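Chemist: Please find the sequence and the predicted model below.
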Amino acid sequence: MATSIPGKSNDDADARPDTPRPDAPRSEARAARRDGSSKKKGDDGDRGLLGWLKEILIIVGIAILLSFLIKTFLFRAFFIPSGSMENTLEIDDRIFVNQLVPAPFELQRGDVVVFQDTEGWLPAPPPGVGPGANWVKDGLIFVGLLPDDTQQHLVKRVIGMAGDRVVCCDDDGRITVNGEPLEEPYLYPGASPSDTEFDVTVPEGKIWVMGDHRNASADSRANTDKPNSGFIDVDDVEGKAAVIAWPLDRMGFLGNYPDVFDGVPEPAAASDSAS
């Protein structure tokens, strides 16, 4: 039996229990929003992790691509395994070689160059050493992330260019190029310009190279019995050594000492003066 409330109709009393409270839809909506927001946060977290991983992979891929392009067209890293260029370059130095030399930029006397050993100056590497021995290392060298330490390259200083007559030695023990004696400040302290006498004229497309530590360098002088008579094909030159990158206390640019060769006449002028 319904209870009568003064001033209210029984119809209102009977209807009240069945009428939803005004705040019920809002509470349900808030609950739904909370559930939806929890799911959204979980989805955002998953998407955020995947997005972060994707960005890392893109960055690594771009870095590898840039390293490969730089190594292929601009600079290449090499490791110095011997003391033939001391003190200009020391054992375990890491250097960057400018591959825009000898093309499109030309070689010059005094340049320190890295070249492939196509003339057999170096002994063959022992089994298990060199390209193919470690594919991971080979891959990192290929993309430019590791210096090339295969030891099938050599690094020397250019002393004679095509047409130059290079002679050891004058009365003062100095090497001459086209009759001009060289004062060589880059020589290893105490080393003589050369203990081996020679008189050569550099053929077209070749260079004559020597180490800065002349007493410890098996350079052009020591390979005159090879097919190229100690000369190096310009096409075998990988590039000009430009920077010492490691160790940090030796970091710096490598110079080609233009003052040493400023007085050297061109081969034609030297021939004219000799005649």
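Modeler: Received, thanks.
Chemist: Wait, residue 207 touches residue 235, no?
Modeler: No - applying Cβ atoms under 8 Å, one finds residue 207 not in contact with residue 235, separated by 10.8 Å. Glycine gets a C-beta too; all of them are placed from N, C-alpha and C.
Chemist: out of these two, which sits in the more crowded spot?
Modeler: Each of residue 207 and residue 235 has its neighbours counted (other Cβ atoms under 10 Å); residue 207 has more, 26 against 12.
Chemist: Report the beta-bridge partner residues of the more buried one.
Modeler: Note on residue 207: beta-bridge partners by DSSP bridges are residue 232.
Chemist: Number of residues surrounding residue 49?
Modeler: Residue 49: 10 surrounding residues under other Cβ under 10 Å.
Chemist: In which helix or strand does it reside?
Modeler: Taking DSSP states H and E as the definition, residue 49 sits inside helix 23-73.
Chemist: Would you tell me what the next helix or strand after that helix is?
Modeler: Helices and strands here follow DSSP H and E; after helix 23-73, the next one along the chain is strand 75-79.
Chemist: So which residues of the stretch 101-250 of the chain form helices?
Modeler: With helices called from DSSP state H, counting those that start in this stretch, the stretch 101-250 of the chain shows them at 135-143.
Chemist: low-scoring pLDDT stretches of it, where are they?
Modeler: 125-151 (pLDDT under 70).
Chemist: which residues in it form strands?
Modeler: With DSSP state E, counting those that start in this stretch as the criterion, the stretch 101-250 of the chain has strands at 112-116, 153-160, 165-168, 176-177, 180-181, 198-201, 206-210, 232-233, 237-246.
Chemist: the inter-axis angle of the second one versus strand 237-246?
Modeler: Between strand 153-160 and strand 237-246, the angle comes out at 110 degrees (axes from the mean of the first three to the mean of the last three Cα atoms, to 10 degrees).
Chemist: Phi, psi for residue 95 please.
Modeler: Backbone torsions for residue 95, taken as degrees, to the nearest 10, come to phi -130, psi 160.
Chemist: who does it bridge with?
Modeler: Bridge pairing for residue 95 - DSSP bridges - gives residue 78, residue 244.
Chemist: what sits against it?
Modeler: 77-78, 80, 89, 114, 147, 155, 241-245, 254 (Cβ atoms under 8 Å, 6 or more residues apart in numbering).
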